[in-house]
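1. coordinates only, sequence not included:
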């Protein structure tokens, strides 16, 4: 079971209760919810917000591939996965990504959640521009997308 979406911050925002509801089931014994938020300092610079941009179609494709790979590589077939990522500007403490997973066992849930966020960082065409207190901003260097 999979839910994936890019959330345009101008129209909506990430809602944790939506993720909780999606993964809720008596079939699963464990769930993990990971949320990534904007922090105030990165590389010794005072951050006030981040603008996220993405190639939406390719991002959604990468989320589907990561879900499938997780089932194959981690051998976790019975799972619920909810992934939403922001597009646009968000300020300090606001949520940029939520990954909610449910599996039969807790070790599977922790492993699956960690696998998904690490693979998104490697494979999904999402870019971020940090905005700083000194009124400057810069696009951060990302990882080249794996051609696998």
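-> Nice, thanks for sending it over. Remember, predicted model here, so these are calculated numbers, not experimental data.

2. Just give the nearest non-adjacent residue to the residue nearest to the spatial centre of the chain, would you?
-> The chain has residue 97 as the residue nearest its centroid, 3.8 Å off, counting by C-alpha atoms, centre = their mean. Closest residue in space to residue 97, ignoring its immediate chain neighbours: residue 36 at 4.3 Å, by C-beta to C-beta, 6 or more residues apart in numbering. C-beta coordinates here come from the backbone N, C-alpha and C atoms, glycine included.

3. ok, residue 14 touching residue 82?
-> No: between residue 14 and residue 82 there is no contact under C-beta atoms under 8 Å: 10.3 Å.

4. so what sits against both of those two?
-> residue 98 (C-beta atoms under 8 Å, 6 or more residues apart in numbering).

5. Report the distance from the longest strand that the chain contains to the chain centre.
-> As assigned by DSSP state E, the longest strand anywhere in the chain is strand 79-91. Chain-centre distance of strand 79-91: 5 Å, with C-alpha atoms, centre = their mean, to the nearest Å.

6. and that strand, which strands flank it?
-> strand 2-8 (parallel), strand 45-54 (antiparallel), strand 95-103 (antiparallel) (DSSP bridges).

7. and the first one, which residues are buried?
-> Residues of strand 2-8 classed as buried under the neighbour-count rule (16 or more other C-beta atoms under 10 Å) are 4-7.

8. Which phi and psi values does residue 76 adopt?
-> Backbone geometry at residue 76, expressed as degrees, to the nearest 10, gives phi -110, psi 100.

9. correct me, but it touches residue 107?
-> No: between residue 76 and residue 107 there is no contact under C-beta under 8 Å: 9.9 Å.

10. could you pull out the helices for the chain?
-> 16-23, 56-73, 106-123 (DSSP state H).

11. In JSON lines, list these along with distance to residue 92.
-> Formatted as JSON lines, the helices of the chain follow (distance: least, C-beta to C-beta, whole Å):
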{"stretch": "helix 16-23", "distance to residue 92": "18"}
{"stretch": "helix 56-73", "distance to residue 92": "24"}
{"stretch": "helix 106-123", "distance to residue 92": "20"}
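
12. More neighbours: residue 76 and residue 107, which one.
-> residue 76 (20 against 11; other C-beta atoms under 10 Å).
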